[in-house]
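Asker: no sequence on hand, only this structure:
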């Protein structure tokens, strides 16, 4: 497994892989890897990549005044060991100055699916996500990029950006990896205290109940309100529980049989903000 920290060596390594006739898969990460991240490497390979590049970069552009960039978990040695064991071919591990050189003045602002939800909760977050992903796509010239469905709105923003800018890359959406009790895997789960970790799976349970009730034909606003009330009673502080059109992220008040639907949730438990989502059958 080759490790690159500066752009010339990354481009040379990617060119060498391409010269051997291999299609490149990209797995963008911010490190603190878990099984959900590693499943993305498998997904990239099973959808046509012959070699996989994983990036580890804690992107300062996607943090705002309400986020703690310094608190984001980091484990470079552990991450590299996991990637090596998973058969990763190349790791892109740039310092901030390699990704954003002095004088850097360009960002990508995606409208559409970035509006509302995480876009409201974290102003500027998706500008940072879109900018760094565009740079990663162009730096590696990858054929495929694998993203987890857990960050559903992020997936829609990145997909929209790649289409709008005509970047020749296939975005592969990979189902959310969950713990045995249903909690969506996340690097931030390590910050849950023992009692919070025991409570955390209730988020998924409530979402399953809400999705079932919507599919059964109940009134969407009332079902969502009842779901939020159950979360509050369990000790969560919900930011939102919403039904949206899966691709556009437009809120739905009445189920639409013509468009795939997604149930989104964000709720704070102690100091940890949990995100989750799931499809809702019409």
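Answerer: That came in fine, so what should we check first? Quantities reported herein were computed from a predicted structural model and do not represent experimental measurements.
Asker: just the strands in the protein please.
Answerer: Along the chain, counting by DSSP state E, strands occupy 2-4, 24-29, 51-56, 90-92, 144-148, 170-174, 237-245, 261-269, 272-280.
Asker: format the ones you listed as a markdown table; extra columns: mean pLDDT.
Answerer: Shown next, in a markdown table, are these (pLDDT from 0 to 100):
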| stretch | mean pLDDT |
| --- | --- |
| strand 2-4 | 98 |
| strand 24-29 | 98 |
| strand 51-56 | 98 |
| strand 90-92 | 98 |
| strand 144-148 | 98 |
| strand 170-174 | 98 |
| strand 237-245 | 97 |
| strand 261-269 | 98 |
| strand 272-280 | 97 |
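Asker: how about those strands in TSV, adding mean neighbour count and distance to residue 81?
Answerer: In short, each C-beta sits where N, CA and C put it, glycine included. Supplementary listing: these in TSV, determined by neighbours: other CB atoms under 10 Å; distance: least, CB to CB, whole Å:
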stretch	mean neighbour count	distance to residue 81
strand 2-4	18	12
strand 24-29	27	14
strand 51-56	26	12
strand 90-92	25	11
strand 144-148	24	20
strand 170-174	18	22
strand 237-245	20	35
strand 261-269	22	30
strand 272-280	21	25
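Asker: got a markdown table for these, with distance to residue 104 too?
Answerer: A markdown table is the format used below for the strands of the chain (distance: least, CB to CB, whole Å):
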| stretch | distance to residue 104 |
| --- | --- |
| strand 2-4 | 19 |
| strand 24-29 | 18 |
| strand 51-56 | 17 |
| strand 90-92 | 17 |
| strand 144-148 | 22 |
| strand 170-174 | 25 |
| strand 237-245 | 31 |
| strand 261-269 | 30 |
| strand 272-280 | 29 |
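Asker: how about low-confidence regions in the chain?
Answerer: Scanning the chain for pLDDT under 70 picks out 65-67, 256-257.
Asker: so what's the residue nearest the centre of it closest to, chain neighbours aside?
Answerer: The centre of the chain sits closest to residue 151, judged by CA atoms, centre = their mean, with a distance of 3.7 Å. Once flanking residues are discounted, residue 151 sits nearest to residue 275: 6.5 Å by CB to CB, 6 or more residues apart in numbering.
Asker: distance of the one you found relative to residue 281?
Answerer: Residue 275 sits 21 Å away from residue 281, taking CB to CB, to the nearest Å as the criterion.
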